[in-house]
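> Below: sequence and its predicted model.
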Amino acid sequence: MSIVNAFTQFTTGSVRVVTRGSVGYFAWVAALLALIVTGLVAYMGQFNEGLIVTGMRDPVSWGFYIGNFTFLVGVAAAAVILVIPAYIYKWKPIKEIALFGELLAISAIAMCMLFVLCDMGRPDRLLHIMPLVGNMNLPRSMLAWDVVVLNGYFYLNLFVVTYMLVSYYRGREPNKYIFTPLVLLSIPAAVGIHTVTAFVYNGLAGRPYWNASILAPRFLVSAFCSGPAVMIVLLQVLRRVTDLEIKREAIWKIAELMAYAMFINLFFLVAEVFKEVYSDTHHLKHLEYLYLGLGDKTALVPWAWTSLIFSVVAFVLFLVPKTRQNVVTLNIGCAMIFIGVFIEKGIGLVVPGYTPSVLGEIYEYSPSTTEILVSAGIFGVGALLFTLTSRVAIAVLRGDFRLRTANQG
Amino acid sequence: MTPKFKRRDVLGAGAAAAGLAMAGCGNELVEAFIKTRLAEMDPKQLETYLADLEAEYSARYGKDVSVDDTQARDGVLFAYGLDLDRCNGNRRCVEACVEENNQSRAGGPSGHSNPIEWIEVFEIPKEKGVDLDEADRYFDRESVPAPGMFYLPVQCQHCDNPPCVKVCPVEATWKEPDGIVVIDYDWCIGCRCCMSACPYGARHFNWSEPNLPAEEMNPNTHVVGNRPRPRGVVEKCTFCIQRTRQGKYPACHAACPTGARVFGNLLDPASEVRQLIERKRVYILKAELNTRPSFFYFYG
Amino acid sequence: MPNWFARVDTAHIHTWAAAAALSAALTLLAACGAQGHKAPYQGALEVLAAEITAHSEDAFPAAPPPFTEGIFPCSRCHGDAPPPDEGEAVFPHVAHLEKGLECEDCHEDDAAPTPADAEFCDECHEPGDRGSERATAYFAGLTDGFPSRWDVTVKSPAHETHQEKGVACAGCHGQPSNAPFGKPGAAVLMQRCTTCHAEREASIDCETCHEAGTEAPHANIVLHHAEAQRGCLDCHDANDRDVLHLANGTPIPFEQSYRLCGQCHGPRLRDWRLGIHGKRTGTWDGRKEYLLCANCHNPHSPRFPQMVPLPPPTRPKEVR
């Protein structure tokens, strides 16, 4: 039978798969839909009134949206990079790890794009920035590059995932001559999206907090903590619901690697803090604002310390074999790392870069209700996307969802 | 500013599809989707475009609004000088700028208040030198200059190496041949990358619908200058392009009661600004960033 | 007696003769005040805000600016305006003269009329009725403390009498743009009053213009201009109060006061000539106008006055 035909059946079949399930599944999907609708309503308000309904103002012109975007780029990148250790250590379900990593990446990139869209002052001019139809300022603009690589990464992963799933669905092993090069390509692409995203900030010489060459490396290693944290939780779930053979050692190994990544992340942080504190220039003010506050402007201080403490504690939990092999402490560690990196990127990266502003103004930004609701809605979209695609993927992997050749004809 | 490729051809094909898809969303949205970039318009398109803008603004503000597109003159490179010894922080320049350039005023029918000022005047203790971390832009005094203080107005520096232009993902902002950095308000997508890139805080965003009362609207406008801006785009000082390309001085220069402001053609050896650079020592804001501003502070 | 009469530093006096002349003059001035200023005098205390037009440094104001003679030279013969030919499209001369324009503004050197320069018209005729940019700048709220005229107290001028005699507003007030810190109603150079009065054989007695029995006309002059080293006659001419004089005794008209100021403030004068110091208006690529030193600095107390700043910008927290 033709691939087109199989694909059509796969699509219609997928719809059937995701529309059937337990009460718990539907409750979860309904909750996500409620979240999405709330976000959509909040966004309609923003669309009608303008970005005035956010907490952003001229001195802090990017905020929670772009912070979340940056964080999720990291998640998208790291999920796929996990393929490397999977390959090196010959973890058994390497294809499955790659598959779910890419599914996570697709959901994360979709969220990234939505966050960028919501941050645009003129979402109606979206086409202006789209590759081919728009007018991209290449090669000069890092943001234009970011759009290119994010789009490329999105479609690359989408293709790989679809190809793999359709192959399994047809009862065949994916052709390794198609599959392997694409997965291998997606690894540098993953590094690429996060590096280019870091460069968007990094290239702004007027913002010393971002204009540090350690920024891109820090982006990568912190992503190497947050992305796998999601994957660890996910692999445990997969072990439960599928008969996939996922070795516990593989999960422990990921945790161990996360500990190393977290160590490098903390080391980079120390290097950065040392440089600023010891040289004691005006550039120190941004770090000061983050960790100590400037005068009575201390909104970020509790967040910053939470992030730091969570990161350090998670590092210890993952470093000590006993705690990383314990299911409870392992998952606590994952949660702490996820939250720690989320704060670090979502809040601690963007806002202090603007505080004080280039002209010394200290405007204390905090996300407005609209921003929080819209962001929650976007996370809802991502979670829903991932839930639905994973459901299809699990069904395929378990063999529940297969092309029935007997019915054909 | 020559078109790099025939994007419109590509767009043209997509436009039909987009147009159909958007048919239910009203004409404005369709227009926004298929609009041509100012820099790519042929003379005929430009003429229609300007006429449409004039008609739209004239109707909206109830007066005869002109939107011109006077081009840069050959042999002209604008530069600005500002005497830190003379400036006394009276903020007349700010007011004149707002009135001349149709900036958004506080309050307004939208229920929001998003006043925009392109010039910020800083008060700094004399012993601190030009240290913006010690600067206060919100000084509110009975009279100026205050003892022990000096004043530093900051506006777009019209850099020769503008970081804002570099980062714009859609080429909605560029540097004109006479040195003025301008924005195509109908192409800007409002990503605010340029605001992050500008080391001088010169770029401002229309967070809400700008509030420009009809009676205060200045009808002499330039297409990349002081014409009314829509919500959701970035704007900034244009050296009063609508005035300076006609030979006039910028509004801030004309309004300054202390004579602290100097403006002219850098390529004319007799111009005030050229003489200033030759005779005085100038100070460039954040020179270490290599933005190469066209704005020279000096101590007269 | 104000302290600036006490000349402590004699090193700056060039000759004993000058010193003697000064003493005599000061005595005269003092006497004048003491006697209720009965004696007519032709001193000039105010500096007229004169407009100087030049295209380059070469054309720098050597030629006297329009008000030199204290009265419109053309209007002496022509009346308010040249008579138009029958049926000819007429330029509204009277309206413009009443607004303070002078004949030379459009007709160079008393020559045949040249078509009015559109650029020049734009100076005042800004669309949208925004007023002249110069007027806007100059009249824009300076502090109340700024002297509306430098020092002199004058009776309320008899506007009607002057108008009946054919003296246009600008005859006394100058063009609006010429009076940077003069609010409308500010009197101008007294020289102008006395010259005109003399020509028309009007009285030049003190009481004609100044309230009898009031304080000495100079009593409110406070000298804050290197007062320990300087007195009135360092700048004002002892013999002819209608002129100033340089240190070498060369008399100069008030309109060239910058030459006098430049004797001490040489670098400033140089900067001013180049357009680096002082306010310039007009156009950046052609016709430039600039103000004299005394247009911005009270020569008796030259420190630039304090101003009331306009309100501060809105804080981002209040943008909502």
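Sure, I can see it. Residues are numbered from 1 along each chain as shown, chains lettered A, B, ... in the order given.
> Run through the strands of the stretch 1-150 of chain B in chain order.
For the stretch 1-150 of chain B, applying DSSP state E, counting those that start in this stretch gives strands covering B:66-68, B:78-83, B:120-125, B:149-154.
> Next, work out how far apart residue A:257 and residue A:229 are.
11 Å (CB to CB, to the nearest Å). No exception for glycine: its C-beta is placed from N, CA and C like everyone else's.
> neighbour count winner among those two?
residue A:229 (28 against 18; other CB atoms under 10 Å in any protein chain shown).
> For my notes, confirm the more buried one occurs in a helix.
Yes. Under DSSP: H, G, I helix; E, B strand; the rest coil, residue A:229 sits within a helix.
> Do you know the pLDDT at it?
pLDDT for residue A:229: 91.
> Tell me if I'm right that it and residue A:258 touch.
Yes. Contact criterion CB atoms under 8 Å: residue A:229 and residue A:258 qualify, at 6.8 Å.
> which residues do the two both contact?
Common contact partners of residue A:229 and residue A:258 (CB atoms under 8 Å, 6 or more residues apart in numbering or on different chains): residue A:337.
> After the helix or strand hosting residue B:278, heading C-terminal, what element do we hit next?
Element membership of residue B:278 [criterion: DSSP states H and E] is helix B:272-279. Per DSSP H and E, the first helix or strand lying C-terminal to helix B:272-279 is strand B:282-283.
> hmm, who's touching that following strand?
With CB under 8 Å, 6+ apart as the criterion, strand B:282-283 contacts B:81, B:84, B:130, B:276, B:296, B:297, B:298, B:299.
> low pLDDT regions in the chain?
Answering for chain A, as no chain was given. Along chain A, the model assigns pLDDT under 70 to residues A:1, A:92-93, A:405-409.
> let's do chain C instead
Ranges of chain C meeting pLDDT under 70: C:1-159, C:168-192, C:211-220.
> One more pass at 50, please.
For chain C, the stretches with pLDDT under 50 are C:1-90, C:110-113, C:115-116, C:126-153, C:175-188.
> returning to what we had before: just put the strands of the stretch 1-150 of chain B in CSV and tack on mean neighbour count, mean pLDDT and distance to chain A.
Formatted as CSV, these follow (neighbours: other CB atoms under 10 Å in any protein chain shown; pLDDT from 0 to 100; distance: least, CB to the nearest CB, whole Å):
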stretch, mean neighbour count, mean pLDDT, distance to chain A
strand B:66-68, 19, 95, 20
strand B:78-83, 26, 97, 15
strand B:120-125, 22, 97, 7
strand B:149-154, 22, 97, 6
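> Relative to residue C:242, which of the ones you listed is closest?
strand B:78-83 (34.2 Å; CB to CB).
> Just want the angle from that closest one to helix B:272-279.
Here strand B:78-83 runs at an angle of 60 degrees relative to helix B:272-279 (axes from the mean of the first three to the mean of the last three CA atoms, to 10 degrees).
> Strand B:78-83: partners in the sheet, and parallel or antiparallel?
Its sheet considered, strand B:78-83 pairs with strand B:261-265 (antiparallel), strand B:295-298 (parallel) by DSSP bridges.
> for these, which one ends up most surrounded?
strand B:261-265 (a mean of 26; mean count of other CB atoms under 10 Å in any protein chain shown).
> ok so, going back, make CSV out of the strands paired with strand B:78-83 and add mean pLDDT.
CSV is the format used below for the strands paired with strand B:78-83 (pLDDT from 0 to 100):
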stretch, mean pLDDT
strand B:261-265, 95
strand B:295-298, 97
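> which residue sits closest to the residue of chain C found nearest chain A, ignoring its sequence neighbours?
Residue nearest to chain A within chain C (CB to the nearest CB): residue C:316, separated by 3.7 Å. Counting by CB to CB, 6 or more residues apart in numbering or on different chains, residue C:316 lies nearest to residue A:57, which is 3.7 Å off, once chain neighbours are set aside.
> Give the helix, strand or coil label for the one you found.
When classified by three-state DSSP, residue A:57 comes out as coil.
> Check the one 10 residues further on too.
Here residue A:67 takes the helix state, with states given by three-state DSSP.
> Quickly note the distance from it to residue A:45.
21 Å.
> Could you do residue A:314 as well?
37 Å.
> Which one's more surrounded, the two?
The residue with more neighbours, out of residue A:314 and residue A:45, is residue A:314; 29 against 15, by other CB under 10 Å.
> In contact with that one, which residues?
Residue A:314 touches A:225, A:258, A:262, A:333, A:334, A:336, A:337, A:340, counting by CB under 8 Å, 6+ apart.
> Which PyMOL command selects the buried ones in those residues?
PyMOL command restricting the contacts of residue A:314 to the buried ones, with burial defined by 16 or more other CB atoms under 10 Å in any protein chain shown:
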select buried, chain A and resi 225+258+262+333+334+336+337+340
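> so can I have TSV of the contacts of residue A:314 showing distance to chain C and secondary structure?
Compiled in TSV, these are given as follows (distance: CB to the nearest CB, whole Å; DSSP: H, G, I helix; E, B strand; the rest coil):
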residue	distance to chain C	secondary structure
A:225	34	helix
A:258	39	helix
A:262	36	helix
A:333	39	helix
A:334	38	helix
A:336	34	helix
A:337	34	helix
A:340	29	helix
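> Just give me the closest of the contacts of residue A:314 to residue A:180.
Nearest member of those to residue A:180, counting by CB to CB, is residue A:258, at 25.6 Å.
> hmm, back to that, just put the strands paired with strand B:78-83 in JSON lines and tack on distance to residue A:126.
Output for these, formatted as JSON lines (distance: least, CB to CB, whole Å):
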{"stretch": "strand B:261-265", "distance to residue A:126": "39"}
{"stretch": "strand B:295-298", "distance to residue A:126": "35"}
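> between those, which gets nearest to residue A:143?
The nearest among those, by CB to CB, is strand B:295-298 at 26.0 Å.
> what sits up against the closest one?
With CB under 8 Å, 6+ apart as the test, strand B:295-298 has contacts from B:79-84, B:130, B:152, B:155-158, B:273, B:276-277, B:280-285.
> mind running it again at 10 Å?
B:78-87, B:130, B:152-159, B:200, B:202, B:237, B:239, B:260, B:262, B:266, B:273, B:276-277, B:279-285, C:276 (CB atoms under 10 Å, 6 or more residues apart in numbering or on different chains).
> This completes my enquiry, with thanks.
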